[in-house]
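J.: everything below, folded, please.
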Amino acid sequence: MKETKILDVIMIGGGPIGLTCALEAKAHGLNYLILEKGCLVNSLYHYPMNMTFFSTSEKLEIGDIPFVSIASKPTRNEALEYYRRVAVKEQLHIHLFEKVEGVTPLAQYEPAVFEVKTIKGIYYANNIVVATG
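T.: Residues are numbered from 1 along each chain as shown. Reported below is the predicted structural model:
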């Protein structure tokens, strides 16, 4: 396993919390990866088309990046666009449409190493964040 890259952290879930964790990992110089089973902010994508959030746009902001919306409470489409812009602007490391099939701690390694199996490959990380909502 010496030839295999071990990431500092893998985030399972590419929603607002997974993106926020990635922004923090990046800010602290950590090697990270987001694995998302569907499209970016997949859960929001499946919300009703005309949905309006109960929260204001300011409360949905992440990473000190302003969330400007037409009304005080943003719509689903505005949120989808906002989180996409955050991911692109910050050049976050994200693998979309890569479902995680299992996470296994590898007991023989100190500090801890986790093996993360997906439908497309295997990754290794010292830390796992499960941000699946």
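J.: from E115, how far out is the residue of the chain most remote from its centre?
T.: In the chain, Q108 marks the outermost C-alpha relative to the chain mean, sitting 28.1 Å out by CA atoms, centre = their mean. In this view, Q108 and E115 are 11 Å apart by CB to CB, to the nearest Å. Just so you know, the C-beta spots here come from the backbone N, C-alpha and C atoms, and that holds for glycine as well.
J.: ditto for L80
T.: Distance from L80 to E115, counting by CB to CB: 32 Å.
J.: circling back: what do Q108 and E115 both touch?
T.: Overlap of the contact sets of Q108 and E115 (by CB atoms under 8 Å, 6 or more residues apart in numbering) is empty.
J.: buried residues in the top strand by length along the chain?
T.: If each strand of the chain is counted by residues according to DSSP state E, the longest one is strand 122-130. In terms of neighbour count (16 or more other CB atoms under 10 Å), strand 122-130 has its buried residues at Y123, Y124, A125, N126, N127, I128, V129.
J.: and it, what does it pack against?
T.: With contacts defined as 3 or more CB pairs under 8 Å, 6 or more residues apart in numbering; DSSP states H and E, strand 122-130 has these neighbours: strand 6-12, strand 32-35, strand 113-118.
J.: the helix or strand following the longest one vs strand 6-12, what angle?
T.: This points to strand 6-12. Under the assignment DSSP states H and E, the closest C-terminal helix or strand after strand 6-12 is helix 16-27. With axes from the mean of the first three to the mean of the last three CA atoms, to 10 degrees defining the directions, helix 16-27 sits at 160 degrees from strand 6-12.
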